[in-house]
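S.K.: Need a 3D model of the sequence below.
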Amino acid sequence: MPRKDRVRELLDPSTEAMLAEHERLADLYLYNADIGEKRTSLYLTALSASAAILVGLAQFGGGMSSLLWPSVAFLAVMLVVGLVTFYRLVERRVRAAELLRAINRIHCYFTQNDPSLAQYFYWPPCDDKPSFFGGGTALAGLRDVVAALNSIFVGILVAAEVAALWPALHYGFAILIGAATCVIAWLLHRLWERRSLRRAEESAARYVRFPAGWCEKQAGDAGE
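M.R.: You can find the predicted model right below:
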């Protein structure tokens, strides 16, 4: 009999159920993280392949002048794909925070029985942590990369549109408008992300059963 099965035979049913749920949640968290990374990798791969195709067309299809409308179409398509990818990455952050909070709830069960375990968990054993915002993590980094690329695409599209509609204008003016649009698009990405995560945090607050204050009180009572 495997060692894992022998250990579970010695556990009471409640502890065994908690361990099974912990394992299930951990698998879901890893799956969620893997899906997000694959989606971002696919987006960057499509971007690189499309750019390589455009360069090839420029070399064998009549020069850079023939790439104006194909380039615009390429940027528009990649912008749509990028916006969908950004939305999915924000959604992935919400799912990740929910799963980590669910794992922390299980940790709370174990610390109630043995308060000394709390010092060994990375997150406090309470189900209002971690925050949905997740700043400074790899998750936030992927969102920033996609948001930056989307903003650059918007800026280039606007600059090209200005240059096409008002050919008499100096190109520097079109570039300036494109740069300003890029900055605005970046800020809009950040604003939408913060609002979405804030709404998710407020919605999740109603399901919190073991907040940080409650866990600290329990630990203090156990210490006495």
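
S.K.: phi, psi of Pro167?
M.R.: Per-residue torsions, Pro167: phi -60, psi -20 (degrees, to the nearest 10).

S.K.: Against Ala118, how distant is it?
M.R.: From Pro167 across to Ala118, the span is 68 Å (CB to CB, to the nearest Å). No exception for glycine: its C-beta is placed from N, CA and C like everyone else's.

S.K.: Settle it for me: which of these two has more neighbours?
M.R.: Neighbour count, other CB atoms under 10 Å: between Pro167 and Ala118, Ala118 has more, with 20 against 9.

S.K.: Can you get me a residue count around the nearest residue to the more buried one once chain neighbours are set aside?
M.R.: Spatially, and ignoring its direct neighbours in sequence, Ala118 is nearest to Thr111 (4.6 Å; CB to CB, 6 or more residues apart in numbering). With neighbours defined by other CB under 10 Å, the count for Thr111 comes to 24.

S.K.: Check the contact between Thr111 and Leu117; I expect there is one.
M.R.: Yes - using CB atoms under 8 Å, Thr111 makes contact with Leu117 at a distance of 5.1 Å.

S.K.: so what sits against both of those two?
M.R.: Common neighbours of Thr111 and Leu117 (criterion: CB atoms under 8 Å, 6 or more residues apart in numbering): Pro125.

S.K.: Just the pLDDT for Val55.
M.R.: Model confidence at Val55, given as pLDDT, is 66.

S.K.: Hmm, I typed the wrong one, I wanted Arg105.
M.R.: What the model reports as pLDDT for Arg105 is 90.

S.K.: by contact count, what packs against the one helix or strand it maps to?
M.R.: Following DSSP states H and E, one finds Arg105 within helix 68-113. Applying 3 or more CB pairs under 8 Å, 6 or more residues apart in numbering; DSSP states H and E, we find helix 68-113 packed against helix 13-60, helix 138-165, helix 171-204, helix 212-223.

S.K.: Now find how far off-centre the second one is within its chain.
M.R.: By that I understand helix 138-165. Chain-centre distance of helix 138-165: 18 Å, with CA atoms, centre = their mean, to the nearest Å.

S.K.: Let the chain start at 442 from now.
M.R.: All right, first residue 442 from here; so that's helix 579-606.

S.K.: Show me what counts as buried in it.
M.R.: 580, 583-588, 590-601, 603-604 (16 or more other CB atoms under 10 Å).

S.K.: that older thread, lowest average pLDDT across the helices and strands packed on helix 509-554?
M.R.: Among those, helix 653-664 scores lowest, at a mean of 60.

S.K.: Ramachandran coordinates for Ser572?
M.R.: Per degrees, to the nearest 10, the backbone of Ser572 is at phi -70, psi 150.

S.K.: repeat for Pro556
M.R.: Dihedral angles of Pro556 (phi, psi; degrees, to the nearest 10) stand at phi -60, psi -20.

S.K.: ok, it to Phe651 distance?
M.R.: Taken as CB to CB, the span from Pro556 to Phe651 is 14 Å.

S.K.: If you count surrounding residues, which of those two has more?
M.R.: Neighbour count, other CB under 10 Å: between Pro556 and Phe651, Phe651 has more, with 21 against 17.

S.K.: which residues does the more buried one contact?
M.R.: With CB under 8 Å, 6+ apart, Phe651 has these contacts: Arg546, Cys549, Pro566, Cys567, Asp568, Asp569.

S.K.: between these, which is closest to Val624?
M.R.: In terms of CB to CB, no member of these lies closer to Val624 than Asp569, at 34.7 Å.

S.K.: Go ahead and confirm that closest one touches Tyr648.
M.R.: No - in this structure Asp569 lies outside contact range of Tyr648 using CB under 8 Å: 9.6 Å.
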